[in-house]
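J.: Sequence and predicted structure are below.
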Amino acid sequence: MPLALPAPSSTRWLGWLRRRTRSSELWLIASAVLIGVAAGALAVLQAKLAHGLQGLLFGINPDERLSAQDVVAPWRTLAIPMGGALLGLLTWAWMRFRPRPAVDPVEANALHGGRLSLKDSAFICLQTLISNGFGASVGLEAAYAQAGAAVASFAGQKLNLRRADMRTLVGAGAGAAIAAAFGAPLTGAFYAFEIVIGAYTVANLAPVAAAALAAALVAGRMGAIPYLLRTTTPAVQSWLDYGLYALLGLACAAAGIGLMRLVAVAERGVARSGLARGWRPAAGGLALAGLALITPQTLSSGHGALTLDLISVLSLKTLLMLAALKALASVLSLSFGFRGGLFFASLFLGALLGQIFSALSVLIPWLPGLDPTVAALVGMAALAVAVVGGPLTMSFLVLEATRDFSVTAAALVASLIASTIVRETFGYSFSTWRLHLRGETIRSAHDVSWLRPLTAGRMMRKDVQTTPAATSLAEFRRRFPLGSTRRVVMVDEAERYAGVIVTALAYADLDGDDRPVSVLAVNPEAALTPDQSIKEVMRAFDNTEADELAVVDADRRVIGLVSEAHATRRYAEELEKVRRDLTGEI
């Protein structure tokens with residue numbers, strides 16, 4: 001019998017670390033701290049690379065922001081379509097080898113148990129760096145979060161962590177990157193809870209908070225400057241002010257929904273234009289160059305422009321023009337194929353919307369005028385919540401940026417209003433909206449992948465008793481005596497579904513044997529399709545108050561039957577299985 005070779009020391013060490021991390025919360029927290037360090041360092045590195053590229057292309061100093069420039073030389077704006085051409089070429093080459101769309105942290109946690117591809121994530125970061133570095137109106141926050149989440153996912157896969165721990169680490173990595181970007185650990189932690197993990201629990205509190213704090217400290221040591229915005233006016237001087245801020249939250253909700261829908265419409269328009277995918281960013285870059293000649297505030301994410309506009313006294317006409325141009329620049333950038341997100345663009349647009357709201361409030365004599373800076377900060381949070389999500393995330397961003405609790409309270413009011421309106425009327429954040437347009441059905445980062453096998457087609461019974469609608473009651477009783485079956489599905493002359501008959505009802509009244517059995521049919525329109533999820537199935541049972549529903553194909557031919565009791569039991573079984581997997585029980 002051959003002797004077994006001893007495992008290499010690296011393999012033994014990794015196995016020991018894996019066992020420790022899976023069995024001890026302290027080791028999981030330690031892993032989260034290391035991930036936070038890596039996420040913070042990657043965020044600062046990406047920011048420096050993008051800013052350095054902007055300095056090289058647009059001739060700005062290291063301490064200046066592109067969007068805060070008074071003017072950009074016309075010949076320098078040609079860098080934007082050049083960057084678009086480079087991006088289009090790289091994306092075309094990449095898609096030839098990896099045609100499937102890359103997974104972002106929200107999708108990874110909702111559908112893939114926190115698993116992300118390191119290669120795909122690196123390419124997303126490269127695309128975003130090129131887009132932002134060459135001046136397109138997109139932010140780097142999506143790349144920060146992608147890099148942090150990818151590092152966390154890679155570490156979690158190496159450590160073979162349980163699904164819940166993997167999702168927690170992915171959230172911690174993404175949140176840590178946001179914490180580093182703004183020098184705001186609370187913001188980063190709640191970004192993880194609300195947007196990437198989808199829930200706050202005692203179990204994920206310590207790892208996420210530790211990662212966010214570590215990332216913010218590392219970013220500070222690497223020279224990143226915390227995002228600070230000062231205010232001098234009390235946010236709330238009367239109770240009526242809260243009503244105005246709530247109204248501002250409503251306006252931001254409408255603006256956010258409009259912006260997200262506009263991006264979708266523009267993307268469809270570009271797709272139908274016949275322009276080759278590889279040339280779309282270059283064509284969009286030409287349009288962005290034209291906008292940059294009007295005002296450089298349309299360029300990049302808008303950090304410098306936001307700070308500049310907060311300390312400037314701008315007319316209502318100027319504010320409206322800036323908001324329209326920045327929104328147009330963001331829509332053009334995303335619809336023509338530049339990579340990035342609307343995180344900071346929504347903050348900038350929200351600040352402009354808040355200032356516009358303040359200017360309009362002054363025009364109404366009986367209303368108390370809102371301070372433009374405070375209204376800008378409140379609008380900043382509310383519109384970001386409408387587009388990105390996370391009312392507590394954005395409220396903490398205002399708190400950590402201003403150190404002002406009264407402004408934070410006003411921002412929280414507007415954010416909650418915006419969040420509620422968007423959730424009730426639209427149902428998506430920008431990231432989940434784009435997934436919806438791609439064919440996915442998720443609305444948050446809640447772990448729903450285990451529900452996907454629970455479809456009506458998988459849960460149905462195929463041994464279905466059927467009867468024609470023209471069958472008489474007497475013939476029905478002869479074919480289906482009491483006790484033989486509880487339900488019989490009725491079909492029409494073309495063998496299509498026409499309703500369900502409760503067998504016992506045919507014996508409740510023995511008169512009128514010549515009547516057709518169709519007089520007893522219920523739910524003639526209510527039927528399930530094989531691909532409907534367990535949530536849709538249970539919703540159908542609630543709406544119809546039926547105990548059993550037929551499953552039909554595309555031609556409404558009956559292929560099965562699902563009972564509410566069976567669907568509920570299968571859901572409970574799968575939920576218990578997932579709970580055991582998450583807790584490590586046998």
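T.: It's in. Numbering: from 1, shown residues only.

J.: Could you list the low-pLDDT ranges of the stretch 151-300 of the chain?
T.: Low-confidence regions of the stretch 151-300 of the chain, defined by pLDDT under 70, span residues 232-238.

J.: number of nearby residues for residue 455?
T.: 20 (other C-beta atoms under 10 Å). Every C-beta, even on glycine, is put in place using the N, C-alpha and C of the backbone.

J.: pretty sure it is in contact with residue 551, am I right?
T.: No: with contact defined as C-beta atoms under 8 Å, residue 455 does not count as touching residue 551 (9.6 Å).

J.: hey, what's in contact with both of those two?
T.: residue 530 (C-beta atoms under 8 Å, 6 or more residues apart in numbering).

J.: So for residue 284, what's the nearest residue that isn't a sequence neighbour?
T.: residue 336 (2.5 Å; C-beta to C-beta, 6 or more residues apart in numbering).

J.: Report the contact partners of the one you found.
T.: 84, 270, 280-281, 283-285, 287.

J.: now do residue 555
T.: residue 496.

J.: so what's the backbone phi/psi at it?
T.: Phi and psi for residue 555, reported as degrees, to the nearest 10, are phi -100, psi 10.

J.: State the distance from it to residue 495.
T.: As judged by C-beta to C-beta, to the nearest Å, residue 555 and residue 495 stand 9 Å apart.

J.: swap in residue 47?
T.: For residue 47, the distance to residue 495 equals 64 Å [C-beta to C-beta].

J.: now do residue 334
T.: 48 Å.

J.: contacts for stretch 259-273?
T.: Contacts of stretch 259-273 with the rest of the structure, by C-beta under 8 Å, 6+ apart, involve 280, 284, 327, 330-332, 334-337, 342, 346, 349, 387, 426, 428, 430, 433, 437.

J.: rerun that using 10 Å as the cut-off
T.: With C-beta atoms under 10 Å, 6 or more residues apart in numbering as the test, stretch 259-273 has contacts from 277, 280, 283-284, 327-328, 330-337, 342, 345-346, 349, 383, 386-387, 422, 426, 428-430, 433-434, 436-437.

J.: A helix includes residue 228, no?
T.: No: secondary structure of residue 228 (DSSP: H, G, I helix; E, B strand; the rest coil): coil, not part of a helix.

J.: residues near it, how many?
T.: Counted with other C-beta under 10 Å, residues neighbouring residue 228 total 13.

J.: Let me see the contact set for it.
T.: 182-184, 307, 400-403.

J.: Dihedrals phi and psi, it?
T.: According to degrees, to the nearest 10, residue 228 has phi -120, psi 130.

J.: Quick check: the gap between it and residue 184.
T.: 10 Å.

J.: Which neighbours do those two have in common?
T.: 400-401.

J.: Take the contacts of residue 228 and lay them out in JSON lines including secondary structure and neighbour count.
T.: Converted to JSON lines, these look like this (DSSP: H, G, I helix; E, B strand; the rest coil; neighbours: other C-beta atoms under 10 Å):
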{"residue": "182", "secondary structure": "helix", "neighbour count": "27"}
{"residue": "183", "secondary structure": "coil", "neighbour count": "20"}
{"residue": "184", "secondary structure": "coil", "neighbour count": "25"}
{"residue": "307", "secondary structure": "helix", "neighbour count": "18"}
{"residue": "400", "secondary structure": "helix", "neighbour count": "22"}
{"residue": "401", "secondary structure": "helix", "neighbour count": "24"}
{"residue": "402", "secondary structure": "helix", "neighbour count": "20"}
{"residue": "403", "secondary structure": "coil", "neighbour count": "13"}
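
J.: Columns distance to residue 376 on top of the residues you listed, output as a markdown table?
T.: A markdown table is the format used below for these (distance: C-beta to C-beta, whole Å):
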| residue | distance to residue 376 |
| --- | --- |
| 182 | 17 |
| 183 | 20 |
| 184 | 18 |
| 307 | 11 |
| 400 | 17 |
| 401 | 12 |
| 402 | 11 |
| 403 | 16 |
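
J.: any idea how far the strand or helix carrying residue 271 is from the chain center?
T.: Assigned by DSSP states H and E, residue 271 belongs to helix 239-272. Helix 239-272 has its C-alpha centroid displaced from the chain centroid by 16 Å (C-alpha atoms, centre = their mean, to the nearest Å).

J.: Please apply the same query to stretch 158-166.
T.: Between the centre of stretch 158-166 and the centre of its chain there are 22 Å (C-alpha atoms, centre = their mean).

J.: mind listing the helices for the stretch 1-150 of the chain?
T.: Here the stretch 1-150 of the chain has its helices, by DSSP state H, counting those that start in this stretch, at 9-23, 25-58, 79-97, 105-111, 118-133, 141-158.

J.: by contact count, what packs against the fourth one?
T.: Read that as helix 105-111. For helix 105-111, the packing partners by 3 or more C-beta pairs under 10 Å, 6 or more residues apart in numbering; DSSP states H and E come out as helix 141-158, helix 163-182, helix 430-437.

J.: Now, of the contacts of stretch 259-273, which are buried?
T.: Among those, those that count as buried by neighbour count (16 or more other C-beta atoms under 10 Å) are 280, 283-284, 327-328, 330-337, 342, 345-346, 349, 383, 386-387, 422, 426, 428-430, 433-434.

J.: where along the stretch 351-500 of the chain do the strands fall?
T.: Listed in chain order, the strands of the stretch 351-500 of the chain (DSSP state E, counting those that start in this stretch) span 466-468, 487-491, 497-502.

J.: Alright, calling it a day.
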